[in-house]
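Asks: Fold the following, please.
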Amino acid sequence: MRYMLGMITGLALIASPALADTTEITVHYPMPGFFKDVMDKIATEYMHQHPDVKITFASPSATYEDGLQLMLREAGSPEMPDVSFIGLNRLRVLAERNIGVDLKPLIDKDSNFKSEGFSETLLQLARVHDRQVGLAFAASDPIFYYNADLVRKVGGDPDHMPTTWEGVFELAAKIQALGDGTAGMSYRWMGDDWMFSALLFGNGGSMLTADEKKVAFDGPEGLAALKTLDNMVKIGKMPNLSSDAMVQSFTAGKTGMFFWTTGALRSIIKGVGDKFELRTTKIPLLNPEKGHLPTGGNAAVMFTTNPAKQQAVYEFLKFAAGPFGESVVVPGTGYVPTNENAAKDEKYLKTFYDQNPLFRAGRDQIPLMVPWYSFPGNNGVKVTQTMVDDLGQLVEQKITPEEAQKAMAQDVSKLLPR
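Replies: This next block holds a predicted model:
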């Protein structure tokens, strides 16, 4: 069978010629800059192995938030895709609205599921209470990118980078002192609460209390996280740039250290090219003994309510989140594997990490990864935005860490379920 690309409200990957008994699966995904090539490869291979299935891509969404809002608007309508890849911190929104298919009954009947590399640890990333909302597909953690040339230029040792934030700030100030528009560091705090939670969780803190009735970041762990962000500006001389500008400055060789998702690694490698020696390492934790890191990324979620199609969709989800899919998404982006067999099998990723040291930082932090917290109730997106707004005030040095903590606690408390 041959395959071709066409356009159906966006990119559509279509198996041709169609068979009378072909099952068509419509797939939606976010962030085409990260996932377009990955999705194309996975769909092509799946259709090669399953000639009775045709994968059609709906128009992708720019962000996880846009993708979620699209699914909420299309829920129950003919436009609803069979599958979408939803941000891990937004799965709760779907679960609380009973949107999407609980995969647990299908998994319970699947005698091969565990042997195919789907561990309990990774299943929990896409589970809300007892509902298996999806299968984790792309998982990421925050890592430490750095320009080894600039580090050497100020007398630093690229083989022994700082393991504390204080050490990062000291080195950043030296790099910034080089002048000529060079920044010592950038920390991608904007957009959502993920990188703030990296500081909070890295200090052993949590977003809400165990009963989810009150904020929990209003204590010492949260204040230390905010003071750290404040010191990135005060001591580390971090400029107030947009997310895109941070990436552009770093890949142009004008920023010494950059803290962001490992999922952007492949695009950063391409952006840097041969302009300087790029390296990566683990991100510092405020509390190395109790600290954890939030798991970013997305999960494959089933939306089709057609019983005749659900088994075919389930098999596609497993393929995408299985060893082959992970062997595509990890090298293609920088995400860490969510399937144990993919990481262990030489056919997939076992030798990849030996040959690609830049990818090891994200992998080595897997034991520290915990679910990206999802706020309860109908205001999850508003909660995130108000936190970002308050963090922005801090980065702009309009308020102190103490004032930022008070504002965040008050703003988030107003949006929690009563």
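Asks: hey, let's count contacts and neighbours off CA atoms from now on
Replies: Noted.
Asks: Could you identify the longest strand within the protein?
Replies: If you go by DSSP state E, the chain has its longest strand at strand 293-302.
Asks: Show me what counts as buried in that strand.
Replies: Judged by neighbour count using 16 or more other Cα atoms under 10 Å, the buried positions of strand 293-302 are 293-302.
Asks: Same check on stretch 110-128?
Replies: For stretch 110-128, the buried set under the neighbour-count rule, 16+ other Cα under 10 Å, comprises 116-118, 122-128.
Asks: and it, average pLDDT?
Replies: What stretch 110-128 shows for mean pLDDT is 90.
Asks: How about stretch 178-197?
Replies: For stretch 178-197, the mean pLDDT works out to 95.
Asks: now stretch 80-98
Replies: For stretch 80-98, mean pLDDT is 95.
Asks: repeat for stretch 265-280
Replies: Stretch 265-280 shows a mean pLDDT of 97.
Asks: hey, where'd the strands end up in the stretch 251-400 of the chain?
Replies: Counting by DSSP state E, counting those that start in this stretch, the stretch 251-400 of the chain has strands at residues 255-261, 278-281, 293-302, 369-371.
Asks: Tell me who's in contact with residue 88.
Replies: Under the criterion of Cα atoms under 8 Å, 6 or more residues apart in numbering, the neighbours of residue 88 are 125-126, 136, 295-299, 371-372.
Asks: swap the cut-off to 10 Å and go again
Replies: 64, 125-127, 133-139, 295-300, 371-374 (Cα atoms under 10 Å, 6 or more residues apart in numbering).
Asks: Kindly report the same for residue 219.
Replies: Residues in contact with residue 219, defined by Cα under 10 Å, 6+ apart, are 205-206, 405, 409.
Asks: From residue 398, how far off is it?
Replies: In this view, residue 219 and residue 398 are 21 Å apart by Cα to Cα, to the nearest Å.
Asks: cool, residue 230 as well?
Replies: For residue 230, the distance to residue 398 equals 11 Å [Cα to Cα].
Asks: Please compare the two by neighbour count and tell me which comes out ahead.
Replies: The neighbour comparison of residue 230 against residue 398 (other Cα atoms under 10 Å) goes to residue 230, with 22 against 12.
Asks: Surely the more buried one and residue 400 touch.
Replies: Yes. With contact taken as Cα atoms under 10 Å, residue 230 and residue 400 are classed as touching, separated by 7.8 Å.
Asks: if I look at these two, which residues touch both of them?
Replies: With Cα under 10 Å, 6+ apart applied, the overlap between the contact sets of residue 230 and residue 400 consists of residue 394.
Asks: Show me the shaky parts of the stretch 301-418 of the chain.
Replies: Nowhere does the stretch 301-418 of the chain drop to pLDDT under 70.
Asks: Now do the helices in it.
Replies: Remark: helices of the stretch 301-418 of the chain, listed N- to C-terminal, are 307-321, 323-333, 340-344, 350-355, 360-364, 380-395, 401-415; assignment by DSSP state H, counting those that start in this stretch.
Asks: any idea where the helices of the stretch 151-300 of the chain begin and end?
Replies: With DSSP H, counting those that start in this stretch as the criterion, the stretch 151-300 of the chain has helices spanning 165-176, 194-201, 220-234, 243-251, 265-272.
Asks: Export those as a markdown table, with columns for distance to residue 355.
Replies: Written out in a markdown table, the entries for the helices of the stretch 151-300 of the chain read as follows (distance: least, Cα to Cα, whole Å):
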| stretch | distance to residue 355 |
| --- | --- |
| helix 165-176 | 28 |
| helix 194-201 | 28 |
| helix 220-234 | 33 |
| helix 243-251 | 22 |
| helix 265-272 | 15 |
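Asks: quick one on the thing from earlier: the buried residues of stretch 110-128 in strands, which ones?
Replies: If you go by DSSP E, these have 127-128 in strands.
Asks: can you list the buried residues of stretch 110-128 in JSON lines and add distance to residue 273?
Replies: Written out in JSON lines, the entries for the buried residues of stretch 110-128 read as follows (distance: Cα to Cα, whole Å):
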{"residue": "116", "distance to residue 273": "36"}
{"residue": "117", "distance to residue 273": "34"}
{"residue": "118", "distance to residue 273": "35"}
{"residue": "122", "distance to residue 273": "33"}
{"residue": "123", "distance to residue 273": "36"}
{"residue": "124", "distance to residue 273": "37"}
{"residue": "125", "distance to residue 273": "34"}
{"residue": "126", "distance to residue 273": "35"}
{"residue": "127", "distance to residue 273": "39"}
{"residue": "128", "distance to residue 273": "41"}
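Asks: Looking at the buried residues of stretch 110-128, which one is closest to residue 174?
Replies: Residue 174 lies nearest to residue 125 out of these, by Cα to Cα, at 39.4 Å.
Asks: Residue 131 is in contact with that closest one, correct?
Replies: No. With contacts counted by Cα under 10 Å, residue 125 stays clear of residue 131, the gap being 11.4 Å.
Asks: elements contacting the longest helix along the chain?
Replies: Among the elements of the chain assigned as helix by DSSP state H, the one spanning the most residues is helix 32-49. Helix 32-49 is packed against strand 2-7, strand 11-16, strand 23-28, strand 53-57, helix 265-272, helix 307-321, helix 323-333, with contacts defined by 3 or more Cα pairs under 10 Å, 6 or more residues apart in numbering; DSSP states H and E.
Asks: can you put these in CSV and add mean neighbour count and distance to residue 100?
Replies: Output for the helices and strands packed on helix 32-49, formatted as CSV (neighbours: other Cα atoms under 10 Å; distance: least, Cα to Cα, whole Å):
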stretch, mean neighbour count, distance to residue 100
strand 2-7, 12, 26
strand 11-16, 20, 22
strand 23-28, 21, 14
strand 53-57, 24, 18
helix 265-272, 17, 31
helix 307-321, 18, 11
helix 323-333, 24, 22
